[in-house]
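*Asks:* this one's structure only:
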């Protein structure tokens, strides 16, 4: 899904000369630069996209073994305002396996109290907020203390906030791509652009800040909408594929403002349904960040300055 948190809500009229400027062969390098500049200024309207995210726990933890499936509601918003930014939220998770007591052993012993009770932590809500000042992950965790006989002794909640310079959360990354827009991080990593016989452009990038290498099939005449995106690791292994299935257009301008999409990969599955064009910034999420950072009991880690701090 695409969201460029530096993009403004603007409309650029692209001339026929620009749309067909790419030739083949030795002109690729020059035209790559030209196309990158055009792509950098493509329309980025404010919108909201909603879908269902299905994940498998990969590493596992005591009480929730690896492979446990988690379903959650996903909402993504773009404001076109670099100060208020964009938001990505996961809520109301459901776990397909019941929590059960696991005795302490090896590394698991860290998740137990001195008297042998299991202490299990699992998320109940996650939000990612991207603004001009950084990318913030806010998590609300549920902590349960379970006795050896599976009696639930207590349940509590805690909050944490983590900040980075750049986006590094995979589920937020592919949610952005699923709306069919090209993020700034991809544009700065473009290596090659090829025009295909059907008129689409195949854009290949170097690894981005998330260490993913991309292949993007883009339709210039359709306002540079991404029709297909393939994410690969440094070894060329395909991690997930995004297919754009349908689009929603602005009635006045005819511009694509949102897309229906399907994301497929081994551990993650998501189906995104386009909803409505939303002209407002995600003020509620920004307010939630301010509230969370003022919470004295919350753990705050800030990696934007190259160090870690907790308070």
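*Replies:* Received the coordinates, thanks. Nothing here was measured: the structure is a model prediction, and the numbers come from that model.
*Asks:* how about the helix or strand that contains residue 285: buried residues?
*Replies:* Using DSSP states H and E, residue 285 maps to helix 283-293. Taking 16 or more other CB atoms under 10 Å as the basis for neighbour counts, the residues of helix 283-293 that come out buried are 285-286, 288-289, 292-293. Any C-beta I mention is one placed from the backbone N, CA and C, and that applies to glycine too.
*Asks:* so which elements touch it?
*Replies:* strand 86-95, strand 118-131, strand 134-146, strand 152-164 (3 or more CB pairs under 8 Å, 6 or more residues apart in numbering; DSSP states H and E).
*Asks:* could you give the angle of the third one to strand 152-164?
*Replies:* Read that as strand 134-146. Strand 134-146 runs at 170 degrees relative to strand 152-164, counting by axes from the mean of the first three to the mean of the last three CA atoms, to 10 degrees.
*Asks:* elements contacting strand 134-146?
*Replies:* When contacts are defined as 3+ CB pairs under 8 Å, 6+ apart, strand 134-146 packs onto strand 118-131, strand 152-164, helix 283-293.
*Asks:* format these as a markdown table; extra columns: distance to residue 213.
*Replies:* Listed next are the helices and strands packed on strand 134-146 as a markdown table, based on distance: least, CB to CB, whole Å:
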| stretch | distance to residue 213 |
| --- | --- |
| strand 118-131 | 22 |
| strand 152-164 | 20 |
| helix 283-293 | 30 |
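*Asks:* of these, flag the one that's most buried.
*Replies:* Highest mean neighbour count among those (mean count of other CB atoms under 10 Å): strand 118-131, with a mean of 20.
*Asks:* and that strand, what other elements does it pack with?
*Replies:* Partner elements for strand 118-131 (3+ CB pairs under 8 Å, 6+ apart): strand 86-95, strand 134-146, helix 283-293.
*Asks:* give me the neighbour count for residue 196.
*Replies:* By other CB atoms under 10 Å, the residues close to residue 196 number 10.
*Asks:* okay, and the helix or strand of this structure with the least pLDDT?
*Replies:* helix 16-19 (a mean of 28; mean pLDDT, DSSP states H and E).
*Asks:* first-to-last residue distance for stretch 164-182?
*Replies:* 20 Å (CA to CA, to the nearest Å).
*Asks:* for the helices and strands packed on strand 134-146, give me TSV that also has mean pLDDT and distance to residue 302.
*Replies:* As requested, the helices and strands packed on strand 134-146 are exported to TSV (pLDDT from 0 to 100; distance: least, CB to CB, whole Å):
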stretch	mean pLDDT	distance to residue 302
strand 118-131	90	14
strand 152-164	92	5
helix 283-293	84	10
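*Asks:* show me what contacts the nearest residue to residue 264 once chain neighbours are set aside?
*Replies:* Residue nearest to residue 264 in three dimensions, not counting chain neighbours: residue 241, with 5.4 Å by CB to CB, 6 or more residues apart in numbering. Contacts for residue 241 (CB atoms under 8 Å, 6 or more residues apart in numbering) come out as 228-231, 263-265.
*Asks:* phi first, then psi, for residue 241.
*Replies:* Residue 241 adopts backbone torsions of phi -130, psi 140, taken as degrees, to the nearest 10.
*Asks:* please name the bridge partners of it.
*Replies:* Counting by DSSP bridges, residue 241 forms beta bridges with residue 230, residue 264.
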